[in-house]
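> Below are the sequence and a predicted model; questions follow.
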Amino acid sequence: MASAETDPAGIEEIRDSPPRQLCPTEAQKPKHTPRRTGVRTLASLGDVKKPLAERRKDLIEAMAKTAVYLPLSNFQSTLLPLPRPGSTQSRLMPRARDFSGMADLRSEKDISRNFTAIVNGKSGKDPKGICPGYKIALSEDHYDPKDEKRLKVDGALYHEDDIPKDGRPRWEKQRLLIEFKRGSTQYDPFHNMDTTSVMTDDRKEVYGQVGDHVARAFVCQQRTALFLLLVAGTMARMTRWDHSGVIYTDAIDYVKNSAALRDLIWGFTLLSLEKQGFDLTASIISPGTYDYELMDDIALPQETDLPFDEGSLVPSPTTAEPAPVFAYVREMFAKSLPDDWPRWRLLVPTPAGPRMFFVGKPVFDAPGPIGRCTRGYVALDPDSKRFVWLKDTWRPNYLGVDPEGNVLQTLRDLHARNIPTFVCHGDLEGQDTQSPQFFRPTKRTKRQKLIHNATLPSTARPFISEDTPLCGVRRGEDGKVEYVEPAYDNEEDTRLRHLRHYRLVVSEVCLPLQDFTRGHDFVSVIRDCVRAHSDAATSSAKLLHRDISIGNILILPTTEAKEDESRVVVRHGILTDWELAKPLCDDESQECQRQPERTGTWQFISAFSLDNPTVPMKIEDDLESFFYVTLYIGVRYLRHNCGDAKWFLTDFFDSYSCKGGNTYLCGSPKRNAVNSGEILLLENDDLVFCEKDGGVHWLDTIITEVLAWLKARYAIARKSRPKKRLRPSQKQPEVTTSSQHVESVSPIGDHVELLRLLDEILAQSWPMDDKIGDQLLKDAEAVLEPEGVASPEDAENAKRVAPDEDVVEQRPTKRQTKGKVLTEETSAPTRSTRKRGGYVRQRGNHKGGGKVSRSRKK
């Protein structure tokens, strides 16, 4: 839904030189300010394009602690094996080349061009080069026109039938990536990567650049792994990337030891496509074939396609013809079929046999080469000619960790509402990440641990446990290898996660939450997903979602019959991505949380879970996440009195605090909000959601009510927190207890209370034009700028308005846009009280927003 390697031969024999882990970056301490102690970026929260430097910084953080050293001889024998000496194939080994002329070259272009000429055989006596059937093609000066990031990989090894002639990279045809750098170690990110070294800025930049190129190749091809050769001056090293990490070799001086370089490159050319890292369960659909033309035909608009706007009239279904398709689904499929992107048949294994689905360009692909690297496709089922949603991901593969398809089937059997309809799923046999199998943890001093762990939290992916310890391996009763998730210690720097390639197909192709038409629609979608969450958590399965975020709450248009038997379009919410779901813990001592780190998307994780990452999540944590999604969407797309939405979203959702140099906790803005029950702007004004005429929006009532619940929850948590023991010489101070009553239970942990609140508010009359556009982009209307209340008396008068009064005053209101204050005459109430559905909404003196008093009717 629109919203995230085989077992090497001879691995047991590698004992002489255990691999060591990469020490990624220099310790970075967050800058402390009065409002926040650190800020994450909006990488995963919207379609705002990030600068190249920021994106590569994110990649460096995401790839931190995922590199594994493997001695060159072990790398060669295990991953790039050469023919047995004396065999027929060994006699075809090309001779080593003379690279002595490379020693005096200083520029990258000179290095790349001379290196390419020698390897390809364009210089010297042997015209065949050292990799028969393959050639290096350079692309350091040009980028692929269809690449929005405009990446220019220096070069790549291509099969001789796929060599580009225009000097541009053909990402979909590359076999081996090559990166050229001048110097020897200055730009080598893997140089001296032991546990105590610090990565320089130059090496960080190269590491991010290489990671960017690897990620692009993974997106453009169907791969399980990728090899990359790094050439830095006269030194070279081979690397192998998968979604758990990167394995790297020693650097070799290929001028002095050209045979070692020859062995690496020639050994790669001898590998099968599967060993080179290609996914053999995906096959290309060539132009001109029946399947290719079928995709083109089905992508064409049909007269029977249904509109997807809320309330649109649609014809009644008939059994004589195929069920109609919503127009947006066909449009999404057509958009995924550009002429310059390959089309694929993707295999999904099922108990009844493999099933094939046709896909084009992914609608969604997670950034970065490390992690689950989820891709989502609008796929065509060639048998039924129906559109489905296909999710291609790399899931944690351990005993006791169920794939998402099993969770969906369980929920369907329990008649859970508003969840995806399972079609089929399956693990792709033999496609497991290999880098965890080569990883060996190393013991570190306390200082070394602080240096190693002091990298900022990753923002290139949801903040989940991507760095799980090396899995234990055992033989099952049937003799098959089983991966056992190990017991965790506190060394977060010694973890690589074992992942397996997995595909899931569901029936629904949905719209993202951001495609709502007005505030009432998106709150209704939130309500539907809370129902889904309630069905899962309160059923016999007692499943907790654990990753409530804007990417997992989607809109599904459907048709419903009215009383007059006509049919209209109705939009519902769908709660997706149940891959992190786990059974609820009955008590905190129960060992039901295998992941040692936080699970979910950082920006929407509850404040309690951020501050207590080892405590299993509860229902109230997920319901608090629903609140943050509602707040985020409201600030980004609706009217409010915050003059700088981007600043607020960054400050509130991305902030973090740091404890002990390597432990990241909840940021101050979020913690202050849940403790005080209010969200304050820079001017110390309450955040207020407004209607076009200056009145208080119904969303404001929801935010205010839930904030009060959160305040009660955290007051209870503080009250129940054990006090620190005093030293025997200290006397217990006398404490005067507050008269304020602290409830023993907060409504935030009760689905019934939250659903009752949402149902009551949704039953009111909402404005039709309250969505003003994306305020992170330039198309949003001008929003109300906070100017405060004219005087303390005005503020006090605003609070004292009698519940049954309706005071309206004619006066101009101000609206500020791009630094200019525009005045327009309008009939806007400055102080008024409305009673709607049992709630009282009080309006203050809105000079572009101001303090507003809100109260619940007794």
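Structure's in. What do you need?
> going forward, measure contacts and count neighbours with C-alpha atoms only.
Noted.
> Grab the nearest non-local neighbour of Asp759.
Distances taken as C-alpha to C-alpha, 6 or more residues apart in numbering place Arg527 nearest to Asp759, at 7.7 Å, with adjacent residues excluded.
> Mind checking the pLDDT average for the strand or helix carrying the one you found?
Element membership for Arg527, per DSSP states H and E: helix 519-538. Regarding helix 519-538, the rounded mean pLDDT is 97.
> neighbours of Glu148, just the number please.
Residues within reach of Glu148, counting by other C-alpha atoms under 10 Å, total 8.
> next one: Ser87
By other C-alpha under 10 Å, 9 other residues sit near Ser87.
> what's near enough to touch the residue nearest to Asp759?
Residues in contact with Arg527 (C-alpha atoms under 8 Å, 6 or more residues apart in numbering) are 573, 755, 758-759.
> Go ahead and confirm Ile130 touches Asp98.
No: in this structure, Ile130 is not within contact of Asp98 by C-alpha atoms under 8 Å, at 11.4 Å.
> neighbour-wise, which of the two wins?
Between Ile130 and Asp98, counting by other C-alpha under 10 Å, Ile130 is the more crowded of the two (24 against 17).
> about what we covered before: quick one: name whatever helix or strand follows the helix holding Arg527.
strand 543-544.
> Can you give the contact residues for that following strand?
Applying C-alpha under 8 Å, 6+ apart, the contact partners of strand 543-544 are 533, 536-537, 581-584, 618-619, 622.
> So what's the gap between that strand and the chain middle?
Here strand 543-544 is found 21 Å from its chain centre; the criterion is C-alpha atoms, centre = their mean, to the nearest Å.
> Do me a favour and average the pLDDT over whatever helix or strand comes next after that strand.
The C-terminal neighbour of strand 543-544 among helices and strands, as given by DSSP H and E, is strand 553-561. Mean pLDDT, computed over strand 553-561, is 95.
> just stretch 398-417 next, same as before
91.
> Buried residues, the longest helix anywhere in the chain. List them.
Secondary structure assigned by DSSP state H gives helix 698-720 as the longest helix of the chain. Under the neighbour-count criterion of 16 or more other C-alpha atoms under 10 Å, helix 698-720 has 698-716 buried.
> on that earlier part again, what is the nearest of the contacts of Arg527 to Val314?
The nearest member of the contacts of Arg527 to Val314, counting by C-alpha to C-alpha, is Gly573 at 20.0 Å.
> Chain neighbours aside, what residue packs nearest to the closest one?
The spatially closest residue to Gly573, leaving aside those adjacent along the chain, is Val525, at 4.1 Å (C-alpha to C-alpha, 6+ apart).
> The one you found touches Ile550, doesn't it?
No: look at Val525 against Ile550 with C-alpha under 8 Å: they stay out of range, at 11.2 Å.
> the more surrounded of these two?
The residue with more neighbours, out of Val525 and Ile550, is Ile550; 26 against 23, by other C-alpha under 10 Å.
> ok, now which ones touch the closest residue to the more buried one other than its chain neighbours?
Once flanking residues are discounted, Ile550 sits nearest to Val629: 6.0 Å by C-alpha to C-alpha, 6+ apart. By C-alpha under 8 Å, 6+ apart, the residues touching Val629 are 548-550, 604.
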